[in-house]
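Asker: give me coordinates for this.
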Amino acid sequence: MGSSSLPDPMSPLTREGPYLRLLCINIFVRDQDRSLRFFVDQLGFGVVIDEHYESGGRWLAVAPPDGSTVLALISPRRNSKDYKLIGRGRGAVLVTEDVMAKYHQWLDRGVRFHHPPQTTLWGGIFTRFDDVDGNSYALVGWDSFVREIEAQRRAAAQKLEAERRVAQELDIAKRVQARLFPQSLPHLQTLDYAGVCIQAREVGGDYYDFLDFGRTRLGLVVGDTSGKGIGAALLMANLQANLRSQSAIAMTRPDRFLRSVNQLFYANTTDSSYATLFFAAYDDRTRRLRYANCGHQTAFLLRRDNTLERLASTCTVLGLFREWECSVQESRMFPGDILVLYTDGITEAFNDADEEYGEQRLIETLESHRHRNPREILTAIVDDVRTFSPREQRDDITLIVAKCRKGAVGKHRSRPREKTPNAGEFAVS
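Answerer: Numbers count the residues shown, from 1 in each chain. This next block holds a predicted model:
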């Protein structure tokens, strides 16, 4: 038997406290299969549940096609007290907008009515019918009452449908956004790297990327767009498209590259939209790192001797200003050096005492795991943040860890790109 399309009581609707609804009305019957045929074939009800148990019991329930109230058809044991209640049911009332139409339809199907529909003193119309065991049901109609019931039913159905569509659209958006994160990684001789983005909602505004500039050159990007949810996700997609479309000049002229990105982002977004961004261009042949911090969190470069360099802002955020200048800084990495790029979802994670995770905890975690590879360091940082802030995640968590290693500088063998193990989550070259 199929089931009727009833509203799901466990649907994550917006409500105060636990949900509350009427589960069912018990109807005592002699033969469940016989009663089932009456309700389904003659009245047009739908089966809600039909479960058989090892003990020999059966949980059978039906409901009208346009309502959520369930009738449980119970077949009690012959010698039980409930067996005496078969045929004595009188409390169930069904409502319809056209009693006469329903009366003639069910009469043609062999339903036994007590009398034709009658007008009542309160302005409604009603009749009464019996099921195969003699249980009696009222069928009523009252214009204003029925209209109100129907309006509420339709509103509830529309709300459920709207929520279903939103959930479906968010799922599609989540899958689409996952494809915007790195899908493959170029291999470098002197740099291992990993990236992660853990979104607080289905979609978010954080962004990380590994841009392949060819000829042993790589761009590392971490960004954070303004806003939350779908709006931030659209900005993130816009930013990603601008970065990739202009990347041809990123290695040779990073300042010009970022100015072009800013112009496009400014032209294609609203006045209040902006993004913070950390961009780094790494040359595998020389281990040279050129970077620009566009109003983003301070990046960390932990040297092999445990000294820490802070890569602070070199210019303002992207997208707010038409005229925008960018300063590019330069550094060089050596084997054992670790570069960490992140968003504020890490440093601004709060614990139960409303304390921030902060930069110092991030640095301490980095220092204590510096001997590990980038993926292990990244995992350790994320785990530490989640341990510190076990409550519901407030903001997206995005992080890149890159570690310089020994390699033949200036000598490279061609090697195909490596597929990321889980695009949008962890990626290691």
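Asker: and for stretch 290-297, what's in contact with it?
Answerer: Residues from elsewhere that reach stretch 290-297 (C-beta atoms under 8 Å, 6 or more residues apart in numbering): 222-224, 254-255, 258, 275-281, 299, 311-318, 326-331, 342-344, 347. C-beta: built from backbone N, CA, C; applies to glycine.
Asker: same deal with stretch 382-399?
Answerer: 195-200, 204-208, 222, 224, 340-346, 348-352, 357, 361, 365, 378, 381.
Asker: output the below-cut-off pLDDT ranges for this protein.
Answerer: Along the chain, segments meeting pLDDT under 70 span 1-17, 143-147, 149, 169-170, 172-174, 176-181, 183, 202-203, 408-429.
Asker: ranges for the helices of it?
Answerer: 32-37, 99-108, 143-178, 229-245, 254-267, 344-347, 358-368, 374-388 (DSSP state H).
Asker: so what's Glu148 up against?
Answerer: Glu148 neighbours (C-beta under 8 Å, 6+ apart): none.
Asker: and it, how far is that from Val95?
Answerer: 10 Å (C-beta to C-beta, to the nearest Å).
Asker: which one of the helices of the chain has the most crowded surroundings?
Answerer: helix 344-347 (a mean of 22; mean count of other C-beta atoms under 10 Å).
Asker: and it, what does it pack onto?
Answerer: Packing partners of helix 344-347 (3 or more C-beta pairs under 8 Å, 6 or more residues apart in numbering; DSSP states H and E): helix 358-368, strand 397-404.
Asker: the shortest one versus helix 374-388: what angle between them?
Answerer: Strand 397-404 and helix 374-388 are oriented at 150 degrees to each other (axes from the mean of the first three to the mean of the last three C-alpha atoms, to 10 degrees).
Asker: kindly export strand 397-404 (C-alpha atoms) in PDB.
Answerer: Listed in PDB are the C-alpha atoms of strand 397-404, where the atom choice follows Å, rounded to 0.1, in the frame of the first residue of the first chain:
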ATOM      1  CA  ILE A 397      36.300  28.200   8.900                       C
ATOM      2  CA  THR A 398      38.800  28.500   6.100                       C
ATOM      3  CA  LEU A 399      42.500  27.800   6.200                       C
ATOM      4  CA  ILE A 400      45.500  27.200   4.000                       C
ATOM      5  CA  VAL A 401      48.800  25.700   5.300                       C
ATOM      6  CA  ALA A 402      51.800  25.600   3.000                       C
ATOM      7  CA  LYS A 403      55.200  24.200   4.100                       C
ATOM      8  CA  CYS A 404      58.400  24.700   2.300                       C
END
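Asker: what angle sits between that strand and helix 358-368?
Answerer: 40 degrees.
Asker: buried residues in strand 397-404?
Answerer: Buried residues in strand 397-404, defined by neighbour count with 16 or more other C-beta atoms under 10 Å: Ile397, Thr398, Leu399, Ile400, Val401, Ala402, Lys403, Cys404.
Asker: from the chain's centroid, how far away is that strand?
Answerer: 24 Å (C-alpha atoms, centre = their mean, to the nearest Å).
Asker: got it, and stretch 184-201?
Answerer: 23 Å.
Asker: now do the same contact list for the closest residue to Gly87 other than its chain neighbours.
Answerer: Distances taken as C-beta to C-beta, 6 or more residues apart in numbering put Gly134 closest to Gly87, at 3.4 Å, once the chain neighbours are dropped. Contact analysis of Gly134 by C-beta under 8 Å, 6+ apart lists Ile86, Gly87, Arg88.
Asker: hmm, try it at 10 Å
Answerer: By C-beta atoms under 10 Å, 6 or more residues apart in numbering, the contact set of Gly134 is Val29, Arg30, Ile86, Gly87, Arg88, Gly89, Arg112.
Asker: out of the residues you listed, who's the most crowded?
Answerer: Val29 (26 neighbours; other C-beta atoms under 10 Å).
Asker: ramachandran coordinates for that one?
Answerer: Main-chain dihedrals, Val29, degrees, to the nearest 10: phi -130, psi 160.
Asker: hang on, the earlier thing: would a markdown table of the buried residues of strand 397-404 with distance to Ala162 be doable?
Answerer: What follows is the buried residues of strand 397-404, written out as a markdown table (distance: C-beta to C-beta, whole Å):
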| residue | distance to Ala162 |
| --- | --- |
| Ile397 | 30 |
| Thr398 | 31 |
| Leu399 | 36 |
| Ile400 | 38 |
| Val401 | 41 |
| Ala402 | 44 |
| Lys403 | 48 |
| Cys404 | 52 |
